[in-house]
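[1] predicted model and sequence below, questions to follow.
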Amino acid sequence: MSRSGLKFALVLSLLLNFGVVGVVAYRVFEHGQWPPVFSTDRNKTGLPDYLALTAAQRQRWSELESGFMREINTEWQQIRSHREVMIREIFSEQPDRGRIEAKRAAIAQLQSEQQRRIIEQLLRERDMLDAEQRGKLVDMLLRQAPATTFEESLHGK
């Protein structure tokens, strides 16, 4: 495989990895809970319960989450649209590398914006949590990485 082909495969692999992590983040923020595979306590119904938020914290959490989720959902829709066009172009009869690169760049920009937005949201949430709650959230976030990557699963590794 040529050097440019390897670079392209690496970029595609990275995009898929971001997609997997993004799906988990989307699930957490949209549903207020981790996917069952990450659950540490089956009796807890969501992140506010897991963190044992007070009534005032739950109110603030809800306020912070509503605008954040609207923005993240809009970005996910845009990413899905660019990703679909990019994949269709990759597997077209005569792929246009310029168009593929433009879609990759658009996805990367949106993902970068999402990461910035997620970090800002986590900082706002951090400010409203006590030390024990922050510790729980840190532990949960550190455990969120999947055991295998999407590519490994896709290719039977």
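    Received, thanks.

[2] in the longest helix along the chain, what counts as buried?
    Longest helix in the chain by number of residues (criterion: DSSP state H): helix 55-90. Within helix 55-90, the residues that count as buried by 16 or more other C-beta atoms under 10 Å are 57, 60-61, 65, 68, 72, 75-76, 78-79, 82-83, 85-86, 89-90. (Each C-beta comes from the backbone N, C-alpha and C, glycine too.)

[3] shaky segments in the protein?
    Applying pLDDT under 70 to the chain picks out residues 1-45, 145-157.

[4] swap in 50 and give it another go.
    Counting by pLDDT under 50, the ranges of the chain that qualify are 37, 41-44.

[5] which stretches of it form helices?
    Secondary structure of the chain by DSSP H: the helices cover 3-31, 47-50, 55-90, 97-128, 131-143, 150-154.

[6] burial count for Ala131?
    7 (other C-beta atoms under 10 Å).

[7] what's the burial count for Gln133?
    Neighbours of Gln133 (other C-beta under 10 Å): 19.

[8] now for it: which residues touch it?
    Counting by C-beta atoms under 8 Å, 6 or more residues apart in numbering, Gln133 makes contact with 51-53, 57.

[9] having no further points to raise, I will conclude here.
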